[in-house]
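> can you look at this prediction? I've put the sequence above it.
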Amino acid sequence: MLYSKILVLLVFVFLIGITNALAQEVTQYYLKVYSNPNVLFIGGSGFYDESKSVTLEKIPEVWQDYVFIGWKVDGLWSNQNPPTIVMSRSHDVEAVFEKQTGIGKIIIDTIPRISDITVDGTIYLPDELPLSFDWAEGSEHTIVVLDVVKQTPNTRYKLDSWKDQSTDTIRTITVGPDASKFIAIYKTQHYLKPITQYGTVMGGGWQDQGSSVGFELESDVMIDQKNENIRYVFNSWDLGDYLNSPTNIIDVEEPIAVKANWDEQFKLELQTNIPDYNIFGTGWYAKDRLVALIAEESLESPNLDIRYVFDRWVSKGPNPVIIPNSHLPATTVTMIEPYVIQAVYKKAYLVNVWTPFGSAIGAGYYPEGDIAEIGISATEVVVDPNKIKKIFSGWDSGSARTMSFNSEDPELAESDFAGVLNLQVFVDKPTNVTAKWKTQYYLNVESAEGTVEGSGWYDVGKFVPIAAKIPSVPAGIWSTQVFDKWEGDIDSDSMKTRILMNGPKTVLADWREDNTPGIINSIVLGGVAVVGFVIYTKSRGGTLSLHNGKNKSSKLQEKPFENFFNTRSRSFESSEKTDSIISNVKGGKSILDWLFGRG
């Protein structure tokens, strides 16, 4: 049990140690330092932490039979002695020596030996280097080196500086106690050639070997010089650290050609035949791209009296294109060339039908040039029963051209067709059609006696004749009813008159009792009684002998006496007969004279 615990504890401590070691681990790079040829041991080689600066020891100018030429860091010459190395990566540092062959005190050379040197007018070739001269102290001499030495078309050597930091290609020196070595140091350069089919690249050219060089496009979008509807858009570089950016960086280790890749784009212009309305989608599209064409199925004008309905897509411009499903508001087209495509809309106008009464049919939007068919559901609407009603009287279509449904030979006209129940309107603009209604009032003519005329519906402002008639039933024996006057919404005593219909009207015929028949009948009955009495007195036997002869007396005997006095069988057909009886009083007087024997 104890051993188990000890084992667990050891494992735990071991894991902690590993964790700490991993946590403390840092990146290190190796620095290699040596001499060439290997005539002198130089310290400084080993692993160093990342970003650490390492300064090497200074090398003497002469070591035994060798002359120190200079330092090379990763193959590039350095002017420092000693150099300082920043450990951003592993480095190879070389101290270059050259064995002395001359006997003079003055050494003239180039590193590397690739350039001619002219000394006091004498040219020395690279394979004659190094040069050694034994010049007297205080003497002056001229040294000339080439600034640039071409190795290949895309690689060259460029004078960096002399060992004493001078950068002149022509030097005049004075020999002194400290002037002993004149070494021209050249650096290697490679040509960076950015290639672009369109536009201009800023950067490139001759670059130092091992350097990181930036270059960029002046513009990443270029319009075609021959067609403004074609353009080229930067896509990428084929080399470099930032391939998709117009600005790029590349490390120059050899001659390099970098190419810019471009995408060809075509302009798509979408139009409509609707004023001030543009369809979304106008722009630039890559070659061979499938582009969606989307238009609204219908649009309404700001004042809502015009509607535009999608009809079709139409190819415009110099490059025709076949548009699949061109009658649909949503379709596609492949961009092979620049295109101009128009969405064609049909114009539809609003026909607004308004009626204050009932309901109208036919309102709505109609395509330009169509015929709108308009009708009314009812021609009469009662507003107030037995008082007011509205009668459809036609249409008011303003200046719209219209035609009648019921016309056998319909022709376009500019009228409102008053009284036409159904209407056809030629739609060439927004149109307002209004149903016209006229008002009618009810005239109620009543009477307790006889009959009256004139009841019914009449237009506003009309003068309507009314009349009352004498009752046709038998009049009473003692009295009868005669017309007196009109009452209600008219004041008149004429049996026949006219009334103005400026509102609902009610009139009543008023009758009064006329006693003229009673007076006449009393006179007649009195006369008859006297006649009867005289006849009875003269006849004594109950018979009457008249001057007219037997025929008349026999006729009197045929009907009983009481029938003669039965007034119930008498009838007066009208007041006009009563007037006749009254006017025949002379005849009654003759009878009385006869009865009393006066005639």
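On my side now, so go ahead. Fair warning: this is a prediction, and the values are worked out from it, not measured in the lab.
> can you pull the contacts of the closest residue in space to Asn154 that isn't next to it in sequence?
Of all residues not flanking Asn154 in the chain, Pro255 sits nearest, at 3.4 Å (C-beta to C-beta, 6 or more residues apart in numbering). Heads up, the C-betas are built off the backbone N, CA and C, glycines and all. Residues counted as contacts of Pro255 (C-beta atoms under 8 Å, 6 or more residues apart in numbering) are Thr152, Asn154, Thr155, His190, Tyr191, Leu192, Lys193.
> pLDDT weak spots in this structure?
The model of the chain has pLDDT under 70 over residues 1-25, 64-65, 100-104, 179, 404-420, 472-479, 516-518, 521, 534, 538-599.
> please repeat the previous calculation with a cut-off of 50.
Low-confidence segments of the chain (pLDDT under 50): 21-23, 102-103, 405-419, 542-588, 592, 594-595, 599.
> and the strands in the stretch 251-400 of the chain?
256-272, 283-286, 290-294, 298-300, 306-316, 330-334, 339-354, 360-361, 364-367, 371-376, 380-384, 388-396 (DSSP state E, counting those that start in this stretch).
> just the helices in this structure please.
2-24, 516-539, 550-558, 561-564, 575-583, 585-595 (DSSP state H).
> circling back to that earlier point, which of the contacts of Pro255 fall in strands?
Among these, the members falling in strands (DSSP state E) are Thr152, Thr155, His190, Tyr191, Leu192, Lys193.
> out of those residues, which are buried?
His190, Tyr191, Leu192 (16 or more other C-beta atoms under 10 Å).
> do you know how far the first one is from Arg156?
Distance of His190 to Arg156, computed by C-beta to C-beta, to the nearest Å: 8 Å.
> joint contacts of the two?
Trp206.
> how far away is the residue nearest to Tyr458 when sequence neighbours are not counted from Pro82?
Leaving aside its sequence neighbours, Tyr458 sits nearest to Met501 (C-beta to C-beta, 6+ apart; 4.4 Å). Noted for Met501: a distance of 130 Å to Pro82, by C-beta to C-beta.
> and the two? Which one has more around it.
Met501 (21 against 17; other C-beta atoms under 10 Å).
> any idea how far Glu140 is from the more buried one?
Met501 is 141 Å from Glu140, by C-beta to C-beta.
> what sits against Tyr345?
Thr272, Asn273, Ile274, Leu299, Tyr308, Val309, Phe310, Asp311 are the contacts of Tyr345 under C-beta under 8 Å, 6+ apart.
> do the same with Tyr277
With C-beta under 8 Å, 6+ apart, Tyr277 has these contacts: Leu299, Tyr308.
> from Ile323, how far out is it?
Taking C-beta to C-beta, one finds Tyr277 at 19 Å from Ile323.
> swap in Glu380?
56 Å.
> more neighbours, the two?
Shown here are Glu380 and Ile323; by other C-beta under 10 Å, Ile323 has more neighbours (18 against 13).
> wait, doesn't that one sit right on Trp313?
Yes. Taking C-beta atoms under 8 Å as the definition, Ile323 is a contact partner of Trp313 at 4.7 Å.
> give me the common contacts of these two.
Leu293, Thr331, Ile341.
> show me the contacts for the nearest residue to Ile223 once chain neighbours are set aside.
Closest residue in space to Ile223, ignoring its immediate chain neighbours: Arg231 at 4.9 Å, by C-beta to C-beta, 6+ apart. Taking C-beta under 8 Å, 6+ apart, we find Arg231 in contact with Val221, Met222, Ile223, Asp224, Glu264, Gln265, Lys267, Trp284.
> ok, of the residues you listed, which come out buried?
Met222, Gln265, Lys267, Trp284.
> from these, pick the one nearest Thr55.
Proximity of the buried ones among the contacts of Arg231 to Thr55 (C-beta to C-beta) peaks at Met222, which lies at 50.7 Å.
> bridged to the closest one, which residues?
Tyr232 (DSSP bridges).
> sorry, back to before: just put the strands of the stretch 251-400 of the chain in a markdown table and tack on distance to Tyr442.
What follows is the strands of the stretch 251-400 of the chain, written out as a markdown table (distance: least, C-beta to C-beta, whole Å):
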| stretch | distance to Tyr442 |
| --- | --- |
| strand 256-272 | 58 |
| strand 283-286 | 72 |
| strand 290-294 | 62 |
| strand 298-300 | 46 |
| strand 306-316 | 45 |
| strand 330-334 | 62 |
| strand 339-354 | 27 |
| strand 360-361 | 26 |
| strand 364-367 | 37 |
| strand 371-376 | 22 |
| strand 380-384 | 9 |
| strand 388-396 | 7 |
